[in-house]
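> no sequence for this one, just the structure:
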């Protein structure tokens, strides 16, 4: 059996990531979804956890290598504790989640999928929505039955405007199959604001904004508390 993971808000102590739960992070391009995922993976591996990352867009390994080169906090050795897989089609992603993932469960403490809807957006329709729901259901089952932490990132479905009004892709499904929903909002000063939301999109808590640098999220240690 793996080790329990708990990452909480440093201020309210609200769970952000937890073993047995699915966390859903969504936001517009360049808001920090992949950087946040990379930071979490590297921080957990530093503490001895095992992480698997399934990347469907720009390989997240590139982002982690950039962070390692930019800071002494992270080292190349940490990458040995991260199992990575690059997926470039919706069908392949569904196959990996619904059939292949179970083969690695015993070795993994946290599964990150970045992003679960990247390729789905270009093939959206009733059949693929059913397949997406099946994959989300499998992830929820893994979290509950295997007591694993799951994090998936998501795109936005609406056009961005000055009001920053947007929803996640496949909003009802991605919200229904997750326990924790996080919204990332890009601000005019290029910082990013983190908001906890309930299952219908109501705001529960807002973090202080964070800054993305070559080394990752500058305020990560102030925003989050990792319990071991």
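Cool, the structure landed. Owing to the predicted nature of the structure, the values given are computational and were not obtained by experimental measurement.
> distance-wise, check the nearest residue to residue 120 once chain neighbours are set aside relative to residue 170.
Nearest-residue entry for residue 120: residue 90, 5.2 Å, with adjacent residues in sequence omitted and distances by CB to CB, 6 or more residues apart in numbering. Heads up, the C-betas are built off the backbone N, CA and C, glycines and all. For residue 90, the distance to residue 170 (CB to CB, to the nearest Å) stands at 12 Å.
> any common contacting residues for these two?
residue 120 (CB atoms under 8 Å, 6 or more residues apart in numbering).
> and the strands in this structure?
Ranges of strands in the chain, per DSSP state E, are 6-9, 15-18, 22-26, 51-55, 82-86, 110-114, 149-154, 180-186, 192-197, 203-206, 212-213, 216-217, 224-227.
> angle of the third one against strand 180-186?
In this case it means strand 22-26. Going by axes from the mean of the first three to the mean of the last three CA atoms, to 10 degrees, strand 22-26 is angled at 20 degrees with respect to strand 180-186.
> next, count neighbours for the residue lying closest to residue 136 once chain neighbours are set aside.
Ranked by CB to CB, 6+ apart and with sequence neighbours excluded, the top spatial neighbour of residue 136 is residue 177, at 3.6 Å. Per other CB atoms under 10 Å, the neighbour tally for residue 177 reads 23.
> now for residue 177: which residues touch it?
By CB under 8 Å, 6+ apart, the residues touching residue 177 are 22, 133, 136, 137, 139, 140.
> by neighbours, which of those wins?
Going by other CB under 10 Å, residue 22 tops the contacts of residue 177 with 25 neighbours.
> local confidence estimate at the closest residue to residue 207 other than its chain neighbours?
Excluding its sequence neighbours, the residue lying closest to residue 207 (CB to CB, 6+ apart) is residue 194, at 4.0 Å. Note for residue 194: predicted pLDDT of 92.
> could you shift the numbering so residue one becomes 482, and keep it that way?
Sure, I'll start counting at 482 from here, so that last one is residue 675.
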